[in-house]
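K.L.:
Sequence first, predicted model second:
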6 protein chains.
Amino acid sequence: MSTVTKTENPETDPRVKAVFDDIRATRKSDFINNMWLYLAFDADLLEKTWGEVKAVMATPSALDPVVKEMLYIAVSVTNGCSYCAHSHTAAAKAKGMTTEQHADLLRVIALAAKTNQLAVALQVPVDAAFDADRQT
Amino acid sequence: MSTVTKTENPETDPRVKAVFDDIRATRKSDFINNMWLYLAFDADLLEKTWGEVKAVMATPSALDPVVKEMLYIAVSVTNGCSYCAHSHTAAAKAKGMTTEQHADLLRVIALAAKTNQLAVALQVPVDAAFDADRQT
Amino acid sequence: MSTVTKTENPETDPRVKAVFDDIRATRKSDFINNMWLYLAFDADLLEKTWGEVKAVMATPSALDPVVKEMLYIAVSVTNGCSYCAHSHTAAAKAKGMTTEQHADLLRVIALAAKTNQLAVALQVPVDAAFDADRQT
Amino acid sequence: MSTVTKTENPETDPRVKAVFDDIRATRKSDFINNMWLYLAFDADLLEKTWGEVKAVMATPSALDPVVKEMLYIAVSVTNGCSYCAHSHTAAAKAKGMTTEQHADLLRVIALAAKTNQLAVALQVPVDAAFDADRQT
Amino acid sequence: MSTVTKTENPETDPRVKAVFDDIRATRKSDFINNMWLYLAFDADLLEKTWGEVKAVMATPSALDPVVKEMLYIAVSVTNGCSYCAHSHTAAAKAKGMTTEQHADLLRVIALAAKTNQLAVALQVPVDAAFDADRQT
Amino acid sequence: MSTVTKTENPETDPRVKAVFDDIRATRKSDFINNMWLYLAFDADLLEKTWGEVKAVMATPSALDPVVKEMLYIAVSVTNGCSYCAHSHTAAAKAKGMTTEQHADLLRVIALAAKTNQLAVALQVPVDAAFDADRQT
């Protein structure tokens, strides 16, 4: 059940096929998950979204791929995105997140949510020491 | 400006003093940031909150201390907690987060927020392949 | 599965019947969706909620009905409300939202979520030029 | 006060200068607001973010520019982003949003937040009639 | 600094004056806080918002006035609304919330945010026993 | 469907068994809900989470147990946590929340979400009168 109709035979559109081919090549897998199948209702949205996901998540950068997946989980959980919690937890495990790291991740995101509430509830003033301009 | 009155001379309460002493010893610094100064209005809340922060963030675990600070930032930013964004970005830098890692962190949390919106807007059904019970 | 029991034969309560009659007349349809069937557990809550929805969404105003539905979707998606994303996307389509407009809506709400994260993560200070009092 | 240090003389970096020049040309104004000044700490992030904002917000599309700004406000307010609420309300006014439309916008986003809470609190099951696949 | 211009002499509008008079009479105080001063830019929005706040918060109902203020704080903090955290904490204190109750409130909302994260991160399936229809 | 595999025979781990025994004793019921069954994948996380829930929710304190459950609902609904909305509404009813109180709770959390949006959209400046330090 979704808010857009899943396109039948989406790869008859060459722009969609090109993206799906790139997803398969990048991931070395034939599996295309629902996110992309549903985004295919608009080729431009599909192309740009995959382009950005590939550039940020599938390209070597200053952060380790597993760390990036864990950050993705942290945001997705805080936003309450069920699909994203599922897909990125699966991705993090596929990239090597251990059960111990998973539990540790949960500890940090649960604690952060808790102290976020306390800081907002108390309306704690920001310390001058945290000002990046002052730290220079 | 805060929702509780900042306690004057909080360390006259021995429970508060013990927590502040432990903060200083753990961080090897005399600086006590406002979060703890304001939480001191209730010694129990102060003790338990610091106890959990110390256990999760200042104790060796499956995740690197810098990674844990970056996860903390990801949650805090998603929750819109200004104080927490400031304090944990400062902490991440103090623990070694480079400018390149900071930019990479921003790329991931911005992208995650974006695809979270798309997945929720489309109400993408969760793929059976993401079921942890099936993965066993 | 819900947190309140769905009332059987809710229209035996004349206040509920009056609201349901008004929903049918306003929408020129016999269909009463679950939101109202479940809210019927408390006649006052049902009456006041429908009254406000009718006044804001079904009464001519400064904004076009389709625009109002798209704004409703933007808020509902950002709040992660699955029911609301479904019901208001269906409503927007019924009121004339095209597939191109739908894709454009998704582009804007995804981009907004992304730059919201960046602005909060950076804690960008508000420019004086944005002060409404200064703009007078 | 921010989490990154504002770059002094950012336009000595040609990539930053190119983006700032494009912002000025696109907006026909010399004013560069803080969002871009702070993002300039990382030229790649600045380029890509501006590129996307320009493509979505400053390029003719299926939705009216004022409507897109109002959708941006709806998301930003729901996410609690102070900077974004300020900058996009100013932008919407600059693009022609009237006071009556502004009040109407507030009515819709306030009502949406309210009924979102009710739908989530009641855990209202999604009606089969809202399934996009069924609507085909 | 706000997104609308604060109306000068708002009580020259008889609809605004009537609302302000009712606020003063209901609260037995001459103080009109900024929320109402800024909402006065649109008399309809002011009237309807105050009408609902008065009906829900200043009218005897099934819940105690202090409890209602604490619930208001819980929502406001979770939504990250700084103004609302301030105004409703002040209101709760004015209506009798003790320091012990305040600390207890913080404990509950911090714990709830924490376990919310865990439940979402784990995507815990809802137990059939929680179904209200089954509980009848 | 979950992001961790539900442990089979979790009580073969003595730490898990001890927590489950304490849950059963505290609640005077044999029913262990899914939250704890899934958290059992990490004994430390299970122990600490239950310990905190028990200390805050099942120990006499300045707030009434039903009030604490209603606050929990308010946070959970605002965070969009489906599991938590279900479990804590069931808990509140079990502890005596009446239908009238439930409807009143919904009225307050819906109104709070609405005025939160208005305050953020208007960026209402906090009144000096709300400063706790000034109130002393």
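P.N.:
Now that the structure is in, tell me what you want to look at.
K.L.:
For the residue positioned nearest the centre of chain A, pull up the helix or strand it's in.
P.N.:
Closest residue to the average C-alpha location of chain A: residue A:72 at 3.9 Å, with Cα atoms, centre = their mean. Per DSSP states H and E, residue A:72 falls inside helix A:65-78.
K.L.:
what about that helix and chain D, touching?
P.N.:
No - Helix A:65-78 lies apart from chain D when judged by Cβ under 8 Å from any Cβ of the partner chain; the minimum separation is 11.2 Å. (Glycine included, C-beta is placed from N, CA and C.)
K.L.:
Return that helix as PDB; C-alpha atoms alone will do.
P.N.:
Extracted C-alpha coordinates of helix A:65-78, given in PDB (Å, rounded to 0.1, in the frame of the first residue of the first chain):
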ATOM      1  CA  PRO A  65      31.000   3.100   4.800                       C
ATOM      2  CA  VAL A  66      29.700   1.300   7.900                       C
ATOM      3  CA  VAL A  67      29.900   4.600   9.900                       C
ATOM      4  CA  LYS A  68      27.900   6.300   7.200                       C
ATOM      5  CA  GLU A  69      25.200   3.600   7.300                       C
ATOM      6  CA  MET A  70      25.000   4.000  11.100                       C
ATOM      7  CA  LEU A  71      24.600   7.800  10.800                       C
ATOM      8  CA  TYR A  72      21.900   7.100   8.300                       C
ATOM      9  CA  ILE A  73      20.200   4.800  10.800                       C
ATOM     10  CA  ALA A  74      20.500   7.500  13.500                       C
ATOM     11  CA  VAL A  75      18.700  10.100  11.400                       C
ATOM     12  CA  SER A  76      16.100   7.600  10.100                       C
ATOM     13  CA  VAL A  77      15.200   6.400  13.500                       C
ATOM     14  CA  THR A  78      14.900   9.900  14.900                       C
END
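K.L.:
Packing partners of that helix?
P.N.:
Counting contacts by 3 or more Cβ pairs under 8 Å, 6 or more residues apart in numbering or on different chains; DSSP states H and E, helix A:65-78 is packed against helix A:43-57, helix A:82-94, helix A:99-122, helix B:65-78, helix B:99-122, helix E:99-122.
K.L.:
Quick check: buried residues in the shortest one?
P.N.:
When burial is assessed from 16 or more other Cβ atoms under 10 Å in any protein chain shown, helix A:82-94 yields the following buried residues: A:82-93.
K.L.:
Check those and tell me the two furthest apart.
P.N.:
A:82 and A:93 (17.1 Å; Cβ to Cβ).
K.L.:
Burial check on the closest residue to residue A:92 other than its chain neighbours, number of neighbours?
P.N.:
Leaving aside its chain neighbours, residue A:92 sits nearest to residue A:69 (3.8 Å; criterion: Cβ to Cβ, 6 or more residues apart in numbering or on different chains). Neighbours of residue A:69 under the rule other Cβ atoms under 10 Å in any protein chain shown: 25.
K.L.:
Also residue A:18?
P.N.:
15.
K.L.:
Model confidence for it, exactly?
P.N.:
Per-residue confidence (pLDDT) for residue A:18: 98.
K.L.:
Which of the helices or strands spans it?
P.N.:
Applying DSSP H and E, one finds residue A:18 within helix A:14-27.
K.L.:
Cool, thanks, signing off.
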